[in-house]
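J.: Sequence plus predicted model, see below.
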Amino acid sequence: MVTRVFSGIQPTGLVHIGNYLGAIKAWVELQHRYESFFCIVDYHAITAPYDPSQMQKNIFDAAVINVAAGLDPRVSTIFVQSHVPEHTELAWLLNSIAPMGRLTRMTQFKEKSRLFREEINAGLFNYPVLQAADILLYKASVVPVGEDQVQHIELTRDLARKFNVTFGDTFHEPEAHLSAAPRIMGLSDPDRKMSKSIPGSYIALADHPDKVRQQILRAVTDAGPETGKPMSSGTANLFILMSQFSPPETYERFRREYNEGAIRYSEMKRVLADDVVDALTPIREAAEDLAARPDYVRQILGDGACKARRIAQRTIVEVKLKMGLL
């Protein structure tokens, strides 16, 4: 039996190094081990306030940066969620077995309800059911996600199990695949997760080298190591980035200097900035090349949607037969 991977990314208009280390890098590695489906989840994106005039550009940009970062359309199926209507059809069918009480306890719903107090909608409430449909539609076994999505994968597993018990064996119970990369915090506010909504917080994958260097040189650290005191969150965040972007010997050298109380943060930032620029330059250049070939990018998404629909339609027919709807 083929093992499938499914994951999705919202078209938010910007992909930063936190997204790359936490998700995309793992996708690039997994695509060579499993049959992989990667989806730009535009239906999920409309559950929070957004600018409709920017949606198509954001979808295009998400496709560009993900392919530039290493997703290979020759081995992965890359498509847009709304181009495969079976996603919402299966979501409705799963809604018939999804417990409301469980949905009200979802952490992300509670957090986003506080954030968008005036715009709480049924889509936000049912977001986890649509996410479950995204995964189960392709009978995926492996779902690369961040820690904040594990609760949603547990719900997906429960819905798969409940459907199988109620209507007959149909779905796998997918497993979450957590990235080995630690959570990347904001450069300007290292006590909060890196976010495009926080000024100075992030480095975008497509940023110019000068901007990358500027952001790192301005990153929050501390006055220097103090005996008996833990490393500050800002300094720890820079070391995390160095562990991901710099050679091991570079990381070990600066850790040794930190432990000896001899570290110079200005030098550490300069070296880290050079290493980040070296890692991101091929991605930025590939993104510029892809953006100049919009028809090719749209073909990737169109071909991906056609392949995804063939599988999605078979799943929907099987589900409706078992539910007595065909």
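T.: Perfect, thanks for sending it. Computed from a prediction, not measured in an experiment: that's the story for all the values here.
J.: Only the buried residues of stretch 3-16, if you could.
T.: 4-16 (16 or more other CB atoms under 10 Å). Heads up, the C-betas are built off the backbone N, CA and C, glycines and all.
J.: For residue 196, state which of those residues is nearest.
T.: Set against residue 196, the nearest of the buried residues of stretch 3-16 by CB to CB is residue 14 (4.7 Å).
J.: What are the phi and psi values at the closest one?
T.: For residue 14, the backbone dihedrals (degrees, to the nearest 10) come out as phi -160, psi 140.
J.: Quick check, it in contact with residue 196.
T.: Yes: judged on CB atoms under 8 Å, residue 14 makes contact with residue 196 at a distance of 4.7 Å.
J.: list residues touching both of these two?
T.: 202, 204 (CB atoms under 8 Å, 6 or more residues apart in numbering).
J.: what ranges do the helices span in the stretch 101-250 of the chain?
T.: Here the stretch 101-250 of the chain has its helices, by DSSP state H, counting those that start in this stretch, at 107-115, 122-136, 150-167, 209-217, 233-245, 248-259.
J.: most neighbours per residue, which of the ones you listed?
T.: Mean neighbour count (mean count of other CB atoms under 10 Å) peaks for helix 122-136 among those, with a mean of 22.
J.: Buried ones in the helix or strand hosting residue 87, by neighbour count?
T.: Counting by DSSP states H and E, the element that carries residue 87 is helix 86-95. For helix 86-95, the neighbour count (16+ other CB under 10 Å) marks 86, 87, 89, 90, 91, 93, 94, 95 as buried.
J.: Now flag whichever of those is closest to residue 73.
T.: residue 87 (19.9 Å).
J.: and the closest one, what does it touch?
T.: Counting by CB under 8 Å, 6+ apart, residue 87 touches 43, 81, 130, 133, 134, 137, 312.
J.: repeat that with 10 Å
T.: 8, 39, 41, 43-44, 81, 130-131, 133-134, 137-138, 308, 312, 316 (CB atoms under 10 Å, 6 or more residues apart in numbering).
J.: which of the residues you listed sit farthest apart?
T.: Maximum distance among the contacts of residue 87 (CB to CB): 19.5 Å, for 44 and 316.
J.: so for the helix holding residue 87, what's the average pLDDT?
T.: Per-residue pLDDT over helix 86-95 has a mean of 98.
J.: Stretch 23-39 now?
T.: Mean per-residue pLDDT for stretch 23-39: 93.
J.: same question, stretch 47-62
T.: When pLDDT is averaged over stretch 47-62, the result is 93.
J.: which residue sits closest to the residue with the largest distance to the centre of the chain, ignoring its sequence neighbours?
T.: Relative to the centre of the chain, the most outlying C-alpha is that of residue 227, 38.1 Å out, by CA atoms, centre = their mean. Nearest non-adjacent residue to residue 227, counting by CB to CB, 6 or more residues apart in numbering: residue 261, 7.8 Å away.
J.: Would you map the strands across the chain?
T.: Counting by DSSP state E, the segments of the chain that form strands are 4-9, 35-40, 76-80, 142-145, 175-178.
J.: Now do the same contact list for residue 273.
T.: 203, 209, 212, 213, 214, 215, 216, 217, 219, 241, 245.
J.: Distance check, it against residue 183.
T.: Here residue 273 is placed at a distance of 21 Å from residue 183 (CB to CB, to the nearest Å).
J.: cool, residue 245 as well?
T.: Relative to residue 183, and taking CB to CB, residue 245 is found at 16 Å.
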